[in-house]
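1. Please work out how this folds:
(chains A and B)
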Amino acid sequence: MIEVAGLTKYYGPHPAIMDVSFSVKAGEVVAFLGPNGAGKTTCMRILTGFMPASGGTATIAGFDIHEQSLEARRNIGYLPEHASLYRDMRVSQYLRYMGKLQGMGSVALKDRLENVLGRCGLSDRGGQIIGTLSRGYRQRVGIAQALLHDPKVLILDEPTIGLDPNQIREVRTLIKSLAGDHTVMLSTHILPEAQATCERVIVINQGRIVGDDTTAALTHQSRDVEMMMFRVKQDDASIPGLLRGLPNITAVRAIRGDAGAYQVETTIDCDCRSDVARAIVDKGFGLLELRPLEMTLEDVFHELTTEEEGVG
Amino acid sequence: MRNILTIAQRELVAYFTSPMGYVAMFFFLGVCGLIYVLSSAMSTPKADMTGMFHSMVFLSLLICPVITMALVAQETNMGTYELLMTRPVRDYEVVVGKYLGALALYAVIILITAEFPLIYGIFGKPDWGQTMCGYLGIFLTGMAFISIGVFTSSLTSNQIAAAAMGIFILLFFWLVGWLGAGGSGVIGEVAKSISIYENFQDFQRGILSGKALIFFVTLTGFFLFLATRALESRRTV
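-> Residues are numbered from 1 along each chain as shown, chains lettered A, B, ... in the order given. I've put the predicted structure just below:
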């Protein structure tokens, strides 16, 4: 549904993205993950036809974004980064305007408008002036606008930025419900977001793609050890030695500045938590806390980018 | 065509959901009304619109860049431009749609001034042919003014800068005719023929001039073309 080959964009002499290639199958939900300034928005602006690439090609639903720009744009629903809307318009008035520009007839528009307003939780806000809506509601209007014409491809640039945790959950649920009917590509700089909403993640850093795989595989691939931490009530010097004796455990370190807290490295694919817990409880150190350490975005990036540099 | 009308309609409605439309109307009609009343009261009134047309075309020069300054510049500034330009809409459709929206507001304002000749008609016998011709001239001048405003609005994200550039270009086309006032050289002739003021003169006197008609239509087309190019060039930056 989305085919990108060798996409490059220069702003002056500085390349914003370099040789970006990937493809997204129909019905897939893909996250475009990267830190701020990695080239996510540039890439999405090229895909939506807002600006041309300096090199490379891309097709949306089989239409070349440069040669058949209008046809390609007809198949895209787009939520730009800041979801800027006409503040002086009313919600349904705005949606009707965008629908008409999308080429929808008035009958189709009437049907879809009700549907989309309901789906985005805006049923009772149709008559409200957009400028008076809260940030979360404005974001919903932006998403409603992208969904309105039932496009094959949805491109959402940071769809949950600036929302509160409840709104984030609602938007994620909405995005997940789109899988299958729509091909969704969303950008984010938050790893849990990618994990929560998408089955596949494309990682971009400094304008280059550094990882492209399923969420699970990516976090595995990018590290060769699993980490966990635990905390005991009575700290004891014998704890590291005790745990190093267990199978699959490769390293035990006390966390500096946090008495009684330890970090444990284990080999991949062995959940050693129960072994560790039993060892500590048997000795009567008083286990207070035990949890796997989540891989942070920083870690993933660090791993992926250093790996790339090693290869190149 | 459908896209053009959709955009034009939104722009026209937007003038009246913001203060802009009302301010432009208030200013233009207020000053026109004042001039009308004063000129009628202070001299022996004649049922002749020539003086009024002169005032109206000068006021148009002031309000047109203000009407148009927001059209593209505000969208750029607010970020709504990105969503508009990623719809399946051609660049010229955006330009012409916005142009027609502004022209519609201008037409509404001009239409309201029809009260002046109508009041003359009650008390005297105005030359209706000359009056209609003058109105055609006012409208054609507005067409050209607004196309220049659309062009300058598409160059920047700052509305004030857009209006200032617009007034500058308008004044150039207004005043360039002075070059032709002194002599009859080639420069003078060219200056006269590209002067908005000189071309408007014929209409004001009640002469339906083909040359002036072609001038205004060409000028409008030229600046709408430039505005379209300005939008296109943004895609490549």
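2. can you list the residues of chain A near chain B?
-> A:45, A:48-52, A:70-71, A:73-74, A:76, A:78, A:80, A:82, A:84-89, A:97-98, A:100-103, A:145 (Cβ under 8 Å from any Cβ of the partner chain). Bear in mind the C-beta positions are built from the backbone N, C-alpha and C, glycine included.
3. and the residues you listed, which of them are in helices?
-> Counting by DSSP state H, the residues of chain A next to chain B place A:45, A:70, A:71, A:73, A:74, A:97, A:98, A:100, A:101, A:145 in helices.
4. Report the buried members of these.
-> For these, burial is judged from neighbour counts taken by 16 or more other Cβ atoms under 10 Å in any protein chain shown, and it is met by A:45, A:73, A:74, A:97, A:98, A:100, A:101, A:145.
5. Show me where the chain has its helices.
-> Looking at chain A here, since you left the chain open. Under DSSP H, chain A gives helices at A:40-47, A:69-74, A:91-101, A:106-119, A:135-147, A:165-178, A:191-197, A:215-221, A:239-244, A:273-283, A:297-311.
6. wrong chain, I was asking about chain B
-> Using DSSP H, helices in chain B cover B:2-17, B:19-42, B:50-68, B:73-78, B:80-85, B:91-112, B:115-123, B:128-153, B:159-175, B:179-182, B:186-193, B:196-204, B:210-236.
7. check whether the fifth one contacts chain A.
-> Yes - remark: helix B:80-85 sits within contact range of chain A at B:80, B:82, B:83, B:84, B:85, by Cβ under 8 Å from any Cβ.
8. Just give the closest residue to residue B:91, not the sequence neighbours.
-> The shortest distance from residue B:91 to any non-neighbouring residue, by Cβ to Cβ, 6 or more residues apart in numbering or on different chains, is to residue B:231 (4.4 Å).
9. what about that neighbour, neighbour count?
-> Counted with other Cβ atoms under 10 Å in any protein chain shown, the neighbours of residue B:231 add up to 17.
10. farthest pair in the residues of helix B:80-85 next to chain A?
-> Pairwise distances across the residues of helix B:80-85 next to chain A peak at 9.6 Å for B:80 and B:85 (criterion: Cβ to Cβ).
11. low pLDDT regions in the chain?
-> As the question left the chain open, I've gone with chain A. The model of chain A has pLDDT under 70 over residues A:218-224, A:294-312.
12. My question was about chain B, not that one.
-> Using pLDDT under 70, chain B drops low at B:45, B:182-184, B:236-237.
13. Most proximal residue of it with respect to chain A?
-> residue B:79 (3.2 Å; Cβ to the nearest Cβ).
14. hang on, that residue packs against residue A:82?
-> Yes - between residue B:79 and residue A:82 there is a contact at 5.4 Å, judged by Cβ atoms under 8 Å.
15. Which residue lies nearest the spatial centre of chain B?
-> residue B:142 (2.4 Å; Cα atoms, centre = their mean).
16. Tell me which residues touch that one, please.
-> Contacts for residue B:142 (Cβ atoms under 8 Å, 6 or more residues apart in numbering or on different chains) come out as B:60, B:64, B:103, B:106, B:107, B:110.
17. Of these, which ones also sit close to chain A?
-> Of the contacts of residue B:142, not one also sits near chain A (Cβ under 8 Å from any Cβ).
18. Between the residues you listed, which sits nearest residue A:155?
-> Checking the contacts of residue B:142 against residue A:155 with Cβ to Cβ, the nearest one is residue B:103 at 34.6 Å.
19. Enumerate every residue touching the closest one.
-> Per Cβ under 8 Å, 6+ apart, neighbours of residue B:103: B:142, B:143, B:146.
20. filter the contacts of residue B:142 to the buried ones?
-> B:60, B:64, B:103, B:106, B:110.
21. Disregarding residues adjacent in the polypeptide, which is nearest to the residue in chain A that chain B sits nearest to?
-> For chain A and chain B, the shortest gap (Cβ to the nearest Cβ) falls at residue A:84, measuring 3.2 Å. Among residues not flanking residue A:84 along the chain, residue B:79 sits closest, at 3.2 Å (Cβ to Cβ, 6+ apart).
22. neighbours around residue 197, how many?
-> Going with chain A. Residue A:197, neighbours per other Cβ under 10 Å, totals 25.
23. I was after chain B.
-> Residue neighbour count, defined by other Cβ under 10 Å, stands at 19 for residue B:197.
24. for the one 5 residues further on, same thing?
-> Residue B:202 is surrounded by 17 other residues when neighbours are defined as other Cβ under 10 Å.
25. Look up how far residue B:136 lies from the spatially closest residue to it that is not a sequence neighbour.
-> Spatial nearest neighbour of residue B:202, chain neighbours left out: residue B:209 (4.0 Å); criterion: Cβ to Cβ, 6+ apart. In this view, residue B:209 and residue B:136 are 10 Å apart by Cβ to Cβ, to the nearest Å.
26. got a list of contacts for stretch A:253-262?
-> By Cβ under 8 Å, 6+ apart, stretch A:253-262 touches A:229-235, A:239-240, A:243, A:252, A:263-264, A:288.
27. what about 10 Å?
-> A:228-237, A:239-240, A:243, A:252, A:263-265, A:276, A:280, A:285-286, A:288-290 (Cβ atoms under 10 Å, 6 or more residues apart in numbering or on different chains).
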